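# Sequence and predicted structure, then a few things I'm wondering about:
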Amino acid sequence: MRMPYQRDALARRSVIVETFETACTWDRFEDLHAAITKAARAAVEDICGTGYVTCRFTHVYPDGPAPYYGIYADGRWDAMVEQWDHLKSAVSDAIVTHGGTITHHHAVGRDHRTWYDRQRPEPFAAALRAVKTALDPAAIMNPGVLIDVRAGSTCH
């Protein structure tokens, strides 16, 4: 319960704290884990110089695990958003490229949208647009989170 507040307290001290979750089948885990760890460590070294990358399983299923990664790195106060963006992109690219899902139980959200678009099949996007058009024609409920929408018209 207190961790979000700890993250904020650390950010005020120029520490970048970020977590990433994914899920995969057991046969993909070893390669996925290696790719995520490599991408995260390289990004931390590139933009922060030093930091830590951790991993634990939050859920384990018969088909595969749900690894949860933590990154803790020295940030620069004047560049923390750019540093976070770089870390987010590096790890998210590794997740999608190496067979993990961009999200697990915390949903998609705007932070994951770029990578979700790469993983989501177009027929599913079409179905989402049709449902959104029927149930939310003014496009006021979470606009732009799962699909692009235009208020007052059919969803696109």
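Thanks, I have it. Numbering: from 1, shown residues only.

# Please count neighbours and contacts with C-alpha atoms only from this point.
Noted.

# Without its sequence neighbours, what residue ends up closest to the residue nearest the centre of the chain?
The chain has residue 112 as the residue nearest its centroid, 4.6 Å off, counting by C-alpha atoms, centre = their mean. Excluding its sequence neighbours, the residue lying closest to residue 112 (C-alpha to C-alpha, 6 or more residues apart in numbering) is residue 102, at 6.9 Å.

# per-residue pLDDT, that neighbour?
pLDDT recorded at residue 102 is 90.

# can I assume it is in contact with residue 91?
No - assessed by C-alpha atoms under 8 Å, residue 102 is found out of contact with residue 91, at 9.8 Å.

# Check which residues of stretch 111-131 are buried.
Within stretch 111-131, the residues scored as buried using 16 or more other C-alpha atoms under 10 Å are 112, 113, 114, 115, 116, 125, 128, 129, 130.

# how near is the fifth one to residue 82?
I take that to be residue 116. Taking C-alpha to C-alpha, to the nearest Å as the measure, residue 116 falls 21 Å from residue 82.
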